[in-house]
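Asks: Turn this into a structure:
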Amino acid sequence: RGWIDKRLITIKLLVDWSLREQMVERCGEDNVKAYGEDKFIVEFPFVADDLGYDILMGFGDKCECLAPENVRVELIKRIKKLLHIYEN
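Replies: The predicted model follows:
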């Protein structure tokens, strides 16, 4: 257990059903709960660094970070920065 990053936190994601298998593999069956007809809530292990945010952004519109608020705000900031590149 000593190798686990001390910055590791658990975040809450709302994820499209199409990513279910990938999320179960990454987070374990116990951390993936059905939500509505075609989505589920995931308790997702996360480190708030560039790689961590790149992983979340890689899920595209199939994933929304619900909590914590600071991770959600940082994601929005990064998405806006990316959008700015394409709009200008």
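Asks: what residue lies at the spatial centre of this structure?
Replies: residue 56 (4.2 Å; CA atoms, centre = their mean).
Asks: Just the pLDDT for that one.
Replies: At residue 56 the predicted local distance difference test score is 97.
Asks: you'd agree it is in a strand?
Replies: No: Residue 56: not assigned to a strand; according to DSSP: H, G, I helix; E, B strand; the rest coil it is helix.
Asks: Which residues are in contact with it?
Replies: Taking CB atoms under 8 Å, 6 or more residues apart in numbering as the contact definition, residue 56 lies against 13, 46, 63, 65, 75. Every residue, glycine included, has its C-beta placed from N, CA and C.
Asks: Summarise which helices and strands the helix or strand encompassing residue 22 is packed against.
Replies: Using DSSP states H and E, residue 22 maps to helix 20-27. Applying 3 or more CB pairs under 8 Å, 6 or more residues apart in numbering; DSSP states H and E, we find helix 20-27 packed against strand 32-35, strand 39-46.
Asks: about what we covered before: among the contacts of residue 56, which one is most surrounded by other residues?
Replies: Neighbour counts for the contacts of residue 56, by other CB atoms under 10 Å, peak at residue 13, which reaches 25 neighbours.
Asks: was I right about that one contacting residue 39?
Replies: No: assessed by CB atoms under 8 Å, residue 13 is found out of contact with residue 39, at 9.9 Å.
Asks: Just give me the neighbour total for the closest residue to residue 10 other than its chain neighbours.
Replies: Excluding the flanking residues, the one nearest residue 10 by CB to CB, 6 or more residues apart in numbering is residue 43, at 5.1 Å. If you count neighbours by other CB under 10 Å, residue 43 ends up with 16.
Asks: Show me the shaky parts of the protein.
Replies: In the predicted model, the chain carries pLDDT under 70 at residues 1-4.
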